[in-house]
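*Asks:* Pasting the sequence and the predicted coordinates here, then a few questions.
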Amino acid sequence: DIQMTQSPSTLSASIGDRVTITCRASQSISYWLAWYRQTPGQPPKLLIYKASVLVSGVPSRFSGSGFGTEFTLTISSLQPDDFATYYCQQYTSYSHTFGQGTKVEIK
Amino acid sequence: EVQLLESGGNLVQPGGSLRLSCAASGFSFDSHVMTWVRQAPGKGLEWVSSISGSGGNTYYADSVKGRFTISRDNSKNTVSMHLNSLRAEDTARYFCAKTYASGSGWFVFDFWGQGTLVAVSS
């Protein structure tokens, strides 16, 4: 199975900060990677797919990059709604593995 | 507007069974793969099972293969999952997700319901 590892596990930041989350795959997944945001008590919401394609309606402060085994999610200017947990997910294999999550907290 | 409404979650004893359902609206249901993803309390996300638009193809995580069965009724816009031989480690919120079948052949979950809670305990 492909393992997905996110770093950091927790991140403390302030409104307006630029934030970067990393996701590493245990083997190459090409660009078959998605990012989700989950706020407390809510279901996950798809933000980005194919590593860098922004879902319609998602604010442009979110961007994704990467290929192969290393990927990043960047939030250019953190907003109140962005204090949440972020998950990456690979979809190049049957297992559809998620990363363990990165919680973005208020500093 | 896409809506997904899950139901059927409950407290059940180890070894017991449960049937989860998800009622969908706001999109062309029979054109979409549908998926169940679960989240144990305070934990991350785990893909559980998916079913093709026609219902002819089903997919299961190794952790549930042989115990869970996914199905769909396109005349009623519902997807269901029978959970058998339940274990404590199956305790989780189960989310129904509208699914996009990507160029890789595998799945991205582009809209999620609120979920239904399954608790397995004696």
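*Replies:* Yes, it's here. The structure presented is a predicted model; accordingly, all values stated were derived computationally and were not measured.
*Asks:* which residues touch A:Arg18?
*Replies:* Shown in contact with A:Arg18 (C-beta atoms under 8 Å, 6 or more residues apart in numbering or on different chains): A:Thr74, A:Ile75, A:Ser76, A:Ser77, A:Leu78. The C-beta positions use only the backbone N, C-alpha and C, and glycine is treated the same way.
*Asks:* Could you pull up phi and psi at it?
*Replies:* phi -90, psi 130 (degrees, to the nearest 10).
*Asks:* centroid residue for the chain?
*Replies:* Assuming you mean chain A. A:Trp35 (4.0 Å; C-alpha atoms, centre = their mean).
*Asks:* oops, I was thinking of chain B
*Replies:* Residue closest to the average C-alpha location in chain B (C-alpha atoms, centre = their mean): B:Trp36, at 2.4 Å.
*Asks:* Tell me the pLDDT of the nearest residue to that residue once chain neighbours are set aside.
*Replies:* Closest residue to B:Trp36 apart from its sequence neighbours, by C-beta to C-beta, 6 or more residues apart in numbering or on different chains: B:Val48 at 4.4 Å. As predicted, B:Val48 sits at a pLDDT of 98.
*Asks:* Parallel or antiparallel, list what pairs with whichever strand or helix holds B:Val48.
*Replies:* In the assignment (DSSP states H and E), B:Val48 maps to strand B:45-51. With DSSP bridges as the test, strand B:45-51 is paired with strand B:33-39 (antiparallel), strand B:58-60 (antiparallel).
*Asks:* Is it possible to get TSV of the contacts of A:Arg18 that adds neighbour count, pLDDT and distance to A:Ser9?
*Replies:* Listed next are the contacts of A:Arg18 as TSV, based on neighbours: other C-beta atoms under 10 Å in any protein chain shown; pLDDT from 0 to 100; distance: C-beta to C-beta, whole Å:
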residue	neighbour count	pLDDT	distance to A:Ser9
A:Thr74	13	98	18
A:Ile75	21	98	17
A:Ser76	14	97	22
A:Ser77	12	96	23
A:Leu78	20	96	18
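*Asks:* Restricted to strands, list those.
*Replies:* Cross-referencing these against strands under DSSP state E gives A:Thr74, A:Ile75.
*Asks:* Which parts of chain B are strands?
*Replies:* Under DSSP E, chain B gives strands at B:3-7, B:11-12, B:18-25, B:33-39, B:45-51, B:58-60, B:68-73, B:78-83, B:92-101, B:107-112, B:116-120.
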